[in-house]
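> Need coordinates for the following:
(2 chains)
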Amino acid sequence: DTAVSQTPKYLVTQMGNDKSIKCEQNLGHDTMYWYKQDSKKFLKIMFSYNNKELIINETVPNRFSPKSPDKAHLNLHINSLELGDSAVYFCASSQESLTGKGYTFGSGTRLTVV
Amino acid sequence: GDLVTQMEGPVTLSEEAFLTINCTYTATGYPSLFWYVQYPGEGLQLLLKATKADDKGSNKGFEATYRKETTSFHLEKGSVQVSDSAVYFCALNYGQNFVFGPGTRLSVLP
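Take a look at the predicted model:
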C-alpha cells in the first residue's frame, strides 16, 4: 500500500559505473520529482515530470537522466558515477490541482559511490 | 527567487522542554507553507501545513502559524519527547515551485 516507493533503498557502487533508481507512485498524482539530499541535509530539486513531460531541470549534470515511461513512474539513471554523487535521493509526487496539500515522498535511496 | 531560511542547528533539548524552530521565507506570491520531519534513516514526512495567512497548522503536539506580516512560520511544541529527535525542514510551495529550507537537527535528551 506504499504511496511512493523507491528501489533500491541502499546502493553502493564504484566510480564510473552506471546505475538506476526506480520510483513508482500509486496515488494517481500527475507530477513526480527527484530531489537530492547531500551530507549536510540540504534538499535540492533535480527534476520534475508532469504527465511525462519534463518541466523543471535545475542545473544537474547531464550524467543524470530521468525517464518516465508513464505518469506513475519516474526513474533516475546516472551515468559515470562520481564520488560527489553520494547522497540520499528522494522521489516525490504531487497533484497540481491539489496545490497546498504538499508532496508525498518516498523513503529515499542512499547512494554511496566508492 | 523563493527562499526559505531556518535557524542553524543542531538544537539539543532535555525532555519536556519547550521547542521553537524559526523559519522565514521570501516569496513573490502567497505560498503554502509546510513543516516536514525526517526521522533517522527514514524519508520525509509531512508534519503540518498552512495555506493562507493566519492559518495555524498542528499535528502531534507541534504547531506553526502562517505570519504574512513577518513572513514567518515558526515551529513550536510545548513539551518535546526523545522520540521527536529528527531533522525538521521548513518548506514553501507556490505553483510548481517547492523550496525547502536547509533543515534543523533536533536532539532530545532523556
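> Verify the contact between residue A:26 and residue A:72 for me.
Yes - assessed by CB atoms under 8 Å, residue A:26 is found in contact with residue A:72 at 6.8 Å. Where C-beta positions appear, they are placed from N, C-alpha and C, glycine not excepted.
> So these two - more neighbours on which side?
residue A:72 (15 against 12; other CB atoms under 10 Å in any protein chain shown).
> what sits against the residue lying closest to residue B:50 once chain neighbours are set aside?
Excluding the flanking residues, the one nearest residue B:50 by CB to CB, 6 or more residues apart in numbering or on different chains is residue B:66, at 3.9 Å. Residue B:66 makes contacts with B:33, B:50-57, B:73, as judged by CB atoms under 8 Å, 6 or more residues apart in numbering or on different chains.
> got a pLDDT number for the residue nearest to residue A:33 when sequence neighbours are not counted?
Nearest residue to residue A:33, sequence neighbours excluded (CB to CB, 6+ apart): residue A:92, at 4.5 Å. On the pLDDT scale, residue A:92 is placed at 90.
> tell me the contacts of residue A:92?
Contacts of residue A:92 by CB under 8 Å, 6+ apart are A:4, A:32-35, A:103-106, B:44.
> Helices - which of those residues land there?
Applying DSSP state H to those, no entry is found in helices.
> May I ask which of the residues you listed comes out lowest in pLDDT?
Of all of the contacts of residue A:92, residue A:103 carries the lowest confidence score, 76.
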